[in-house]
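S.K.: for reference, the sequence and a predicted model appear below.
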Amino acid sequence: MIRIANKAYCWGEGGNYKLGTGTTTDENKPVAVDVSNLSSGEYFTYIDAGRYHTCGLTSNGNIYCWGDGGLANLGTGNLTDQDYPTLVDSTNLDSGDKFVKLFVG
């Protein structure tokens, strides 16, 4: 992932929607991650990819994940695959807590 002008880019094997572009197309050069689900003014500061899914930490301390939702990989509260970045369910965090780091297995 590289970030230029607050945009996120991914490339590589696109199976399971893990590039965040809405397709399963493999990409051999950087393509923009769809960030339409992010809040206004929010942007990715870090992205990490696993074998079947990808997650990104935002400037507001939120985490969004996309790709294979099996085994609850995405933290969205269900097992549904996500083809675009989807906000991780943070209802179990204490009030005011924000994520500061991200590592995907």
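M.R.: Done, it's in. Residues are numbered from 1 along each chain as shown.
S.K.: residue 98: helix or strand, and which one exactly?
M.R.: Under DSSP states H and E, no helix or strand contains residue 98.
S.K.: ok, it - how many residues close by?
M.R.: Look at residue 98: counted by other CB atoms under 10 Å, it has 12 neighbours. C-beta coordinates here come from the backbone N, C-alpha and C atoms, glycine included.
S.K.: could you check what's spatially nearest to it, not counting adjacent residues?
M.R.: Computed as CB to CB, 6 or more residues apart in numbering, the closest residue to residue 98 that is not its neighbour in sequence is residue 61, at 2.7 Å.
S.K.: phi, psi of that neighbour?
M.R.: phi 80, psi 20 (degrees, to the nearest 10).
S.K.: same check, this time on the one 3 residues further on
M.R.: The phi/psi pair for residue 64 (degrees, to the nearest 10) reads phi -120, psi 140.
S.K.: picking that back up, pretty sure the residue nearest to residue 98 sits against residue 99.
M.R.: Yes - using CB atoms under 8 Å, residue 61 is in contact with residue 99, at 5.3 Å.
S.K.: wait, doesn't residue 57 sit right on residue 42?
M.R.: No - the criterion here is CB under 8 Å, and residue 57 misses it with residue 42 at 10.6 Å.
S.K.: the more surrounded of the two?
M.R.: Counted by other CB under 10 Å, residue 57 and residue 42 do not tie: residue 57 has more neighbours, with 20 against 16.
S.K.: for the helix or strand hosting residue 8, give me every contacting residue.
M.R.: Using DSSP H and E, residue 8 sits within strand 7-12. With CB atoms under 8 Å, 6 or more residues apart in numbering as the test, strand 7-12 has contacts from 1-3, 18-21, 26-33, 35, 43-44, 47, 49, 54, 56.
S.K.: just the buried subset of those residues, written out for PyMOL, thanks.
M.R.: To isolate the buried ones among those in PyMOL, judged by 16 or more other CB atoms under 10 Å, type:
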select buried, resi 1+18+19+20+21+30+31+33+35+43+44+47+49+54+56
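S.K.: how close does the residue of the chain most remote from its centre sit to residue 61?
M.R.: No residue in the chain sits farther from the centre than residue 95, which is 22.7 Å out by CA atoms, centre = their mean. Here the criterion is CB to CB, to the nearest Å. By it, residue 95 lies 13 Å from residue 61.
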